[in-house]
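Visitor: Sharing a model prediction with you, sequence too.
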Amino acid sequence: MMDHTLVARHYESFSEGPRLQKSRVRRLEFDTTLHVLDKYMDQRSVVIELGAGHGAYSFHLSRAGHRVTATDLVDVNVAAMLALAKEKGLDAVDIQQADAMDLDGFNDSSHDAVLCLGPFYHLRTREFRRRCLFECRRVVRDGGIVAVAYINRVFAVNYLLKAGKRVTADQYESLMQPDDERIDYPDEFFNVAHFSTPEAVEDELRSCGFTIVEHAGTDGIGGFFPEILEGLDEDAYQDFRSYHLKTCGQYSHRGASSHCLVIAQKA
């Protein structure tokens, strides 16, 4: 069984909610994800978010009128969501602790949409990712959507190089494998994350009974050059944001983006 200790330890000192608002690159990821999701979600959809972190997406979707269940495996994240819900009067969100690989508490075909925006890239073996995807498929209705976020391996490797952190030959080799459970990388996040490619993620989704509907790069080149985005005046940033939202689904953007999003439909 998967050892969740390293992931839990990572999130004890890390807040997913503020991460999505603390910079223009992260806000671009958040805005783009919602922009794509909005195309495929009817009003008042029944939604479950797996690995919801501090609930940024779940709370937003609840405010928009959707019926939302927010789940997370990590104690500190569940506690943070409960506190935020109480503070901001968001008691309409059903907050539960749950493992994305084991959703026994949720009925078959009970949701219009399943958001898997965090767990997939923390599941470091193909077996674990398939278990998660099959659970997503089970709890979504026929014709419903599953949104899966992943981290582009090309970006991840270049991030380490830009940070001046040396990667050994055998570490490079491990990063290319679908089952990579090394814990000796020169960056702590690499010891708890799975990095993939657009082609590999689509293949894994199809193998679990999904049809690919849309595939987008959610933060584009901003992840490589965050300082450029931060240096733009507000009008220039809004112009870039508009351009990005119009082009984020193009094939080239999937390779340039650090975070990517696949919208899949239960076949």
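Guide: Right, received. Where do you want to start? None of the values given here were measured: they were computed from a predicted structure.
Visitor: next SSE after the lengthiest strand in the chain?
Guide: As assigned by DSSP state E, the longest strand anywhere in the chain is strand 140-152. Following strand 140-152 in sequence order, the next helix or strand is helix 153-162 (DSSP states H and E).
Visitor: Convert the C-alpha atoms of the following helix or strand past that following helix to CSV, please.
Guide: Next in sequence after helix 153-162, counting helices and strands by DSSP H and E, comes helix 169-175. Only the C-alpha atoms of helix 169-175 are listed here, as CSV (Å, rounded to 0.1, in the frame of the first residue of the first chain):
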residue,chain,number,x,y,z
ALA,A,169,22.2,10.2,-15.0
ASP,A,170,20.3,7.6,-13.0
GLN,A,171,17.9,10.2,-11.7
TYR,A,172,17.2,11.3,-15.3
GLU,A,173,16.5,7.7,-16.1
SER,A,174,14.1,7.3,-13.2
LEU,A,175,12.2,10.5,-14.2
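Visitor: list the helices and strands the helix or strand just after helix 169-175 packs on?
Guide: Using DSSP H and E, the helix or strand that follows helix 169-175 towards the C-terminus is strand 195-196. Judged by 3 or more Cβ pairs under 8 Å, 6 or more residues apart in numbering; DSSP states H and E, strand 195-196 is in contact with strand 140-152, helix 153-162. To be clear about C-beta, it is placed using only N, CA and C from the backbone, and glycine gets the same treatment.
Visitor: and of the ones you listed, who's closest to residue 257?
Guide: Across those, residue 257 has its closest neighbour in strand 140-152 (6.0 Å, Cβ to Cβ).
Visitor: circling back to that earlier point, can you say which of the helices and strands packed on strand 195-196 is nearest to residue 64?
Guide: Closest among the helices and strands packed on strand 195-196, once you apply Cβ to Cβ, is strand 140-152, at 15.0 Å.
Visitor: Would you mark the buried spots in the closest one?
Guide: Residues of strand 140-152 classed as buried under the neighbour-count rule (16 or more other Cβ atoms under 10 Å) are 140, 144-152.
Visitor: Equivalent analysis for stretch 237-256, please.
Guide: Across stretch 237-256, burial judged by 16+ other Cβ under 10 Å covers 237, 240-241, 244-245, 248-249, 253-254, 256.
Visitor: got the end-to-end distance for that stretch?
Guide: Start-to-end span of stretch 237-256 (Cα to Cα, to the nearest Å) is 18 Å.
Visitor: same question for it, mean pLDDT?
Guide: Taken as a whole, stretch 237-256 has a mean pLDDT of 93.
Visitor: So what touches that stretch?
Guide: 24, 28, 31-32, 35-36, 152, 154, 198, 214-218, 220-222, 224, 229, 232, 257, 260 (Cβ atoms under 8 Å, 6 or more residues apart in numbering).
Visitor: tilt between the longest strand of the chain and helix 153-162?
Guide: Strand 140-152 and helix 153-162 are oriented at 30 degrees to each other (axes from the mean of the first three to the mean of the last three Cα atoms, to 10 degrees).
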